[in-house]
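# Dropping a prediction and its sequence here:
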Amino acid sequence: MASWKGVVITVAKELWKGNEAIAEAAVRAGCKCFFGYPITPQNEIPEYMSMRLPQVGGVFVQSESELAAINMVYGAAASGVRAMTSSSSPGVSLKQEGISAMCSGELPGVVVNMMRGGPGLGTIQPSQCDYFQATRGGGNGDYRTIVLAPCDIQEAVDMTQEAFDLADLYRTPVVILGDGMIGQMMEPIEWHDIPKRELPPKDWTASGRKGRAHSNFVTSLRIDAQDCEDFNRALEAKYKTIAEKETRWAEKDAEGCDILLVAYGTPSRIALSAVEELEVKGIKAGLFRPQTVWPFPSARLAQLAAQPGLKAILVVEMSLGQMLEDVQLAVQGAKPVRFYGRVGGMVPSVEEIAEEAEKILQEVR
Amino acid sequence: MDALPSWLTAHRLTALVGHSGTGKTEVAVNMVFALAAAGVKTALADLDVVNPYFRSRERRDRFEQMGIRFVASSQAMVDADVPALPAELNTLLQDESLRSILDIGGDSGARVLSRFRHQIAGQDHQMLFVLNARRPQVATAEAAEWNIRRIGQIMGLPIDGIVNNTHLCGETTTADILLGASLAEEVSRRTGIPVVCHTAARALAGSLPELAAPIFPIDIYMKKPWER
């Protein structure tokens, strides 16, 4: 990766590859440190960062492992610097211990997962098989991370910039959960300012005393059980606030439909094309798309499920059914919840989804 | 059937190079389809060892139907990100009865070709630089010229022509293509490398004014799963 005179040129509407756009968005959000280890399909993120970060006085380190990378993020974040790492499924598995430690140390940071087919080394083709890992916590302890799920490059760019603010505001790691398609595809985007948030001062960082009487100490160790419970209660309160304030979703014809499709990431765009195809056939179909998968938009989905006219819900994922469980928890049996998934790097087609929706409608009638 | 333009038929070997994501694969696929439809014995080599997704090999069935000989890197393992080149590539380089298009990976992907530069140099060939004015890394004449020189250096072969392939995927307008045309012409003035054609999706091709270089109407084959 190189560019002329090392300058990144901005034109009105630009064509970007997802991974590069996410990296550039991070730089524009003030990310100064990137640590990572190569893995397909996210390699353009470290590649771009290795070119770009030195231009803005930042630091790029290709670490010796994913484990090292997440712990470098821990260290950089503890010193008050905006830091990120990125990887793909098997590499993100290796980062789980560090993410748990960051939640415990209440450290901000951004972790990108461009999911590929698993389990194990799996395949380099796109997947959504790490939903459980991202939303339930793949590491130990009662922790949550904010998980943003973009469905296109524009949203990936906007969410990446906002992720750094969210991380600083709540002092927590934020995960950008993309399927490999988000990283690899090209799409037009516009650069625009994201809404500014009031951020608290970083007076907790281990970056010198700065006139204080005490030294700040960032740790994930709380030996005293009462201390540890108190800390867990504080985390619980923080997560409650995040759920109240940061839950996001998008809808298309979700009110008044006979069948509601629920999908996130690029499958939501395939589902949207299926909804349009069904509507052409005179079938009332709608789409509900979580933009945050933790916190999951359960309340709104429950509201939609309660619509008397709604006959069924169809969850579409590139997994064997992981977000499906969050949908079932939200719907609480109010309506039949069905599932269509492709796995192992296979991508569902518009026709497959539309056919499945029609079949379900015939069955539930 | 459209008569084949001279830039498409003038040389036995055409290698497409350029900054990543400028649309080399779409241009390559359209070139082989145009040649094959005109009855020309055609081959396509997908030599992208950089990009794991959106590869011409996804259209392999169509190539076979049209009698297009197709070779790809990592042929046995289409989903592996192994930068291995097929031995069959030599056939395309040597068989003078075949008109061959080589689709090369972006940027440093050109390194792949440098290994074959003596074989290519000994053949009737052209190196075409695919330019997209909407890619920010090549959106100015200076940046594009820098890119052309760098790829030329990496390959060890000079660039012979510029293809204006300016687009914004499904949002492309004629204004984008004209913006690209003026960029391509400026790059041409600076480098002395001619603009060989301007690509335009078939629906837009008719709305373009007369340009110095011919317009190459293309169909979009490299679609995303939700695109119709």
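Sure, I can see it. Numbering: from 1, shown residues only, chains lettered A, B, ... in the order given.

# contacts, neighbours, all on C-alpha from now
OK.

# Could you find the closest non-adjacent residue to the residue of chain B found nearest chain A?
Residue nearest to chain A within chain B: residue B:226 (4.4 Å; C-alpha to the nearest C-alpha). Leaving aside its sequence neighbours, residue B:226 sits nearest to residue A:270 (C-alpha to C-alpha, 6 or more residues apart in numbering or on different chains; 4.4 Å).

# Show me what the longest helix along chain B is packed up against.
As assigned by DSSP state H, the longest helix anywhere in chain B is helix B:174-191. Using 3 or more C-alpha pairs under 8 Å, 6 or more residues apart in numbering or on different chains; DSSP states H and E, the elements in contact with helix B:174-191 are helix B:141-155, strand B:161-164, strand B:195-201.

# Surely the residue nearest to residue B:226 touches residue A:354?
No: in this structure, residue A:270 is not within contact of residue A:354 by C-alpha atoms under 8 Å, at 9.7 Å.

# okay, these two: which has more neighbours?
Shown here are residue A:270 and residue A:354; by other C-alpha atoms under 10 Å in any protein chain shown, residue A:270 has more neighbours (26 against 22).

# OK, contacts around that one?
Applying C-alpha atoms under 8 Å, 6 or more residues apart in numbering or on different chains to residue A:270 gives the contacts A:348-350, B:225-226.

# near chain A, anything from the helix or strand of chain B with the lowest mean pLDDT?
Every helix and strand of chain B was ranked by mean pLDDT, DSSP states H and E. The lowest is helix B:111-114, at a mean of 83. No: using C-alpha under 8 Å from any C-alpha of the partner chain, helix B:111-114 stays clear of chain A, coming no nearer than 12.9 Å.

# contacts for that helix?
By C-alpha under 8 Å, 6+ apart, helix B:111-114 touches B:47, B:49, B:104, B:154-157.

# nearest to residue A:103, of those?
Proximity of those to residue A:103 was ranked by C-alpha to C-alpha; the top entry is residue B:49 with 38.4 Å.

# my guess is the closest one meets residue B:72, correct?
No: applying C-alpha under 8 Å, one finds residue B:49 not in contact with residue B:72, separated by 9.5 Å.

# Please say which of those two ends up with more neighbours.
Neighbour tally, residue B:49 and residue B:72, criterion other C-alpha under 10 Å: the higher count belongs to residue B:72, 25 against 22.

# For the more buried one, list the residues it contacts.
So residue B:72 contacts B:45-47, B:57, B:85-86 (C-alpha under 8 Å, 6+ apart).

# Need the pLDDT of residue A:3.
Residue A:3 is assigned a predicted lDDT (pLDDT) of 46.

# Over to residue A:319?
Confidence score, pLDDT, at residue A:319: 98.

# and if you look at residue B:104?
On the pLDDT scale, residue B:104 gets 89.

# contacting residues for it?
B:15-17, B:24, B:46-48, B:110, B:112-113.

# Out of those, the closest to residue A:188 would be?
residue B:24 (16.9 Å).

# Contacts for stretch A:77-85, please.
A:30-36, A:69-70, A:73, A:76, A:107-112, A:164, A:202, A:205-207, A:218.

# hang on, the earlier thing: may I see the contacts of residue B:72 organised as a markdown table, with distance to residue B:185, neighbour count and pLDDT added?
Formatted as a markdown table, these follow (distance: C-alpha to C-alpha, whole Å; neighbours: other C-alpha atoms under 10 Å in any protein chain shown; pLDDT from 0 to 100):
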| residue | distance to residue B:185 | neighbour count | pLDDT |
| --- | --- | --- | --- |
| B:45 | 29 | 24 | 92 |
| B:46 | 28 | 25 | 89 |
| B:47 | 28 | 27 | 85 |
| B:57 | 32 | 21 | 76 |
| B:85 | 34 | 18 | 79 |
| B:86 | 36 | 16 | 81 |
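
# Against residue A:234, how distant is residue A:227?
11 Å (C-alpha to C-alpha, to the nearest Å).

# For the strand or helix carrying the residue nearest to residue B:226, which residues meet the burial criterion?
Assigned by DSSP states H and E, residue A:270 belongs to helix A:266-280. Under the neighbour-count criterion of 16 or more other C-alpha atoms under 10 Å in any protein chain shown, helix A:266-280 has A:266-278 buried.

# residue ranges with poor pLDDT in chain B?
B:1-2, B:74-83 (pLDDT under 70).

# the strands in the stretch 201-350 of chain A, which residues?
For the stretch 201-350 of chain A, the strands defined by DSSP state E, counting those that start in this stretch cover A:249-252, A:259-262, A:285-290, A:292-294, A:312-317, A:337-341.

# Could you do chain B as well?
B:13-17, B:42-47, B:69-72, B:99-104, B:125-131, B:161-164, B:195-201, B:215-218 (DSSP state E).

# With distance to residue A:60 added, can I get those strands in CSV?
Below are those laid out as CSV (distance: least, C-alpha to C-alpha, whole Å):
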stretch, distance to residue A:60
strand B:13-17, 28
strand B:42-47, 30
strand B:69-72, 34
strand B:99-104, 28
strand B:125-131, 29
strand B:161-164, 34
strand B:195-201, 38
strand B:215-218, 41
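
# do you know which of these lies nearest residue A:55?
Comparing the strands of chain B by C-alpha to C-alpha, strand B:125-131 comes nearest, at 25.1 Å.

# Quick check: longest helix in chain A by residues?
Chain A, longest helix under DSSP H: helix A:225-246.

# What sits closest to residue A:22 if chain neighbours are left out?
Closest to residue A:22 by C-alpha to C-alpha, 6+ apart is residue A:157, at 5.4 Å.

# Now list the buried members of the contacts of stretch A:77-85.
A:30-36, A:69-70, A:73, A:76, A:107-112, A:164, A:205-206, A:218.

# Please report how far the nearest residue to residue A:222 once chain neighbours are set aside lies from residue A:141.
Spatial nearest neighbour of residue A:222, chain neighbours left out: residue A:228 (5.3 Å); criterion: C-alpha to C-alpha, 6+ apart. Between residue A:228 and residue A:141 the distance is 11 Å, computed by C-alpha to C-alpha.

# picking up where we left off before, residues near the residue nearest to residue A:222, how many?
For residue A:228, the count of nearby residues is 15 (other C-alpha under 10 Å).

# ok, now residue B:108?
21.

# quick one: it from residue B:92, how far?
22 Å.

# ok, now residue A:224?
72 Å.

# Which of the two has more residues huddled nearby?
Set side by side, residue A:224 and residue B:92 show more neighbours around residue B:92, with 23 against 9, by other C-alpha under 10 Å.

# where does residue A:305 land on pLDDT?
Predicted confidence (pLDDT) for residue A:305: 98.

# check contacts around it.
A:313, A:331, A:334-335.

# Repeat the analysis, applying 7 Å as the threshold.
Counting by C-alpha atoms under 7 Å, 6 or more residues apart in numbering or on different chains, residue A:305 touches A:331, A:334-335.

# For the residue nearest to residue A:22, give its distance to chain B.
Using C-alpha to the nearest C-alpha, to the nearest Å, residue A:157 is found at 15 Å from chain B.

# Near chain A, which residues of chain B are found?
With C-alpha under 7 Å from any C-alpha of the partner chain as the criterion, chain B meets chain A at residues B:21, B:53, B:79, B:134-137, B:143, B:146, B:168-169, B:225-226.

# What about the residues you listed, which are in helices?
Those of the residues of chain B next to chain A mapping onto helices are B:143, B:146, per DSSP H.

# and which of the residues of chain B next to chain A is nearest to residue A:318?
residue B:225 (12.8 Å).
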